[in-house]
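My questions are about this predicted structure, shown below with the sequence.
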Amino acid sequence: MPKKKNQETQAEQSERFKKAVRELIDAGELSPTEADKALDALVRKNAAASNS
C-alpha cells in the first residue's frame with residue numbers, strides 16, 4: 001500500500017525545507033558557495049550542449 005502523502009501547506013513545507021537547509025549549513029555539510037558554483041557549472045554545461 002502506498003504511503004499517505006504529507007498534508008502540509010506550502011508555507012509549512014517551505015519552513016521545513018529552510019530549517020533542514022540551515023541545519024545542513026550549520027553542520028558544515030552544505031556550502032552555499034559550493035552549491036552555487038556547482039549549479040552554475042551544470043547550467044553552463046547544459047547550455048553548451050543545447051547550442052551544439
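Happy to help now that I have it.

show me where pLDDT drops low in the protein?
Residue ranges of the chain with pLDDT under 70: 1.

Helices along that one, start to end?
10-26, 32-51 (DSSP state H).

do you know which of the ones you listed lies nearest Lys3?
Closest to Lys3 of the helices of the chain, according to C-beta to C-beta: helix 10-26, at 16.1 Å. (C-beta placed from N, C-alpha, C; glycine too.)

starting at the chain centroid, how far to that closest one?
10 Å (C-alpha atoms, centre = their mean, to the nearest Å).

tell me the angle of it relative to helix 32-51?
With axes from the mean of the first three to the mean of the last three C-alpha atoms, to 10 degrees as the basis, helix 10-26 and helix 32-51 are set at 110 degrees to each other.

What residues sit buried inside helix 10-26?
Buried residues in helix 10-26, counting neighbours by 16 or more other C-beta atoms under 10 Å, are absent.

List the neighbours of that helix that are in contact with it.
6, 8, 30-32 (C-beta atoms under 8 Å, 6 or more residues apart in numbering).

got the helices of the chain as TSV, with distance to Pro2 columns?
Listed next are these as TSV, based on distance: least, C-beta to C-beta, whole Å:
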stretch	distance to Pro2
helix 10-26	19
helix 32-51	32
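
contacting residues around Lys45?
Contacts of Lys45 (C-beta under 8 Å, 6+ apart): none.

Could you check how far it is from Gly28?
27 Å (C-beta to C-beta, to the nearest Å).
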